[in-house]
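Engineer: Below are the sequence and a predicted model; questions follow.
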Amino acid sequence: MAATTEEHPEPDDLEPPEAQEEGAPRAAPHLDEEARERRAAALTHVRLFGDPVLKSRALPVERFDEILREEVARMGQLMHDAIGVGLAATQLGVMHRLLVYRVAPDAPIVAVANPEVEWSGKAKEILEEGCLSLPGIHVDVERPIHVRIRARDERGEKMTIEATGLEARVLQHEIDHLDGVLMLERTSRDQRKEAMRALRESALPA
């Protein structure tokens, strides 16, 4: 997903500022040829709008084994190569309640399994979001600024995440993916109509 403020990067799936389009940048990204190739290759694994898997609710993770940890590593690498800050398993066609995220380039990648929003604050803000599954689309979404998430890590250990700002938004965006909810369902009717028009036009043959 992607959200923009002066001090925060764009979350896509959430996208960072240098990859602002989910897909295509609004400001040209400063990427060398190798990085562009890695990004393009990573994005071929991401399911796009219209794929029914994106509207499906993922199932709880029940086995915290080496296979799951390999899945986490793969998701983290794809997110990194795609220059994203969050990625849900359903975006790769895997129906596990699993997501990875990293809101700062030098921060470790965090894996979150079976997340549940335990509490969300009353204060909300509207920011622009983008999504790796909706290339080039950005819409305004209102979300709580503060949330507390109860979940498990990739080894099955219980974890609680107290998140605020960008981190809270990224987590909410990715949890929505696990519930089969896209950001288009969180925006205004007018922006949704405009996004759908842009998606239809981008799908037209050249």
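Structural biologist: Everything's here; your move. Predicted model only: the values in this text are computed from it and were never measured.
Engineer: Can you give the distance from stretch 50-60 to the centre of its chain?
Structural biologist: 14 Å (CA atoms, centre = their mean, to the nearest Å).
Engineer: Could you number the chain from 687 rather than 1 from now on?
Structural biologist: From this message on, residue numbering opens at 687, which makes the last subject stretch 736-746.
Engineer: Which positions in that stretch come out as buried?
Structural biologist: 739-740, 744 (16 or more other CB atoms under 10 Å). (C-beta placed from N, C-alpha, C; glycine too.)
Engineer: And stretch 792-801, by the same measure?
Structural biologist: Neighbour-count burial for stretch 792-801 [16+ other CB under 10 Å]: 795-801.
Engineer: out of those residues, which one sits closest to residue 843?
Structural biologist: residue 799 (9.9 Å; CB to CB).
Engineer: need the next SSE after the helix or strand encompassing the closest one, C-terminal direction.
Structural biologist: Following DSSP states H and E, the helix or strand that holds residue 799 is strand 796-806. Going down the chain from strand 796-806, the next helix or strand is strand 810-817, by DSSP H and E.
Engineer: Can you show me the strands along this structure?
Structural biologist: In the chain, the segments counted as strands under DSSP state E are 772-774, 784-787, 796-806, 810-817, 820-830, 832-838, 844-850.
Engineer: Between the buried residues of stretch 736-746, which sits nearest residue 817?
Structural biologist: Closest to residue 817, out of all of those and judged by CB to CB, is residue 740, at 9.5 Å.
Engineer: Residue 884 versus that closest one, what's the distance?
Structural biologist: Remark: distance between residue 740 and residue 884 (CB to CB, to the nearest Å) = 17 Å.
Engineer: for residue 763, same thing?
Structural biologist: Taken as CB to CB, the span from residue 763 to residue 884 is 30 Å.
Engineer: With residue 866 instead?
Structural biologist: 22 Å.
Engineer: show me what contacts residue 777?
Structural biologist: Residue 777 sits next to 699, 732-733, 740, 818-819, 863 when contact means CB atoms under 8 Å, 6 or more residues apart in numbering.
Engineer: Keep only those of those that are in helices.
Structural biologist: Cross-referencing these against helices under DSSP state H gives residue 863.
Engineer: With pLDDT added, can I get the contacts of residue 777 in a markdown table?
Structural biologist: Shown next, in a markdown table, are those (pLDDT from 0 to 100):
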| residue | pLDDT |
| --- | --- |
| 699 | 55 |
| 732 | 97 |
| 733 | 97 |
| 740 | 98 |
| 818 | 94 |
| 819 | 96 |
| 863 | 98 |
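Engineer: Would you reformat the contacts of residue 777 as TSV and include distance to residue 716?
Structural biologist: Formatted as TSV, those follow (distance: CB to CB, whole Å):
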residue	distance to residue 716
699	20
732	22
733	28
740	30
818	19
819	24
863	28
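Engineer: hang on, the earlier thing: next, give me the two most distant ones among the buried residues of stretch 792-801.
Structural biologist: The largest separation in the buried residues of stretch 792-801, counting by CB to CB, is between 795 and 800 at 17.6 Å.
Engineer: Quick check: which ranges of this structure have low pLDDT?
Structural biologist: Residues of the chain that meet the criterion pLDDT under 70 lie in 687-715, 890-892.
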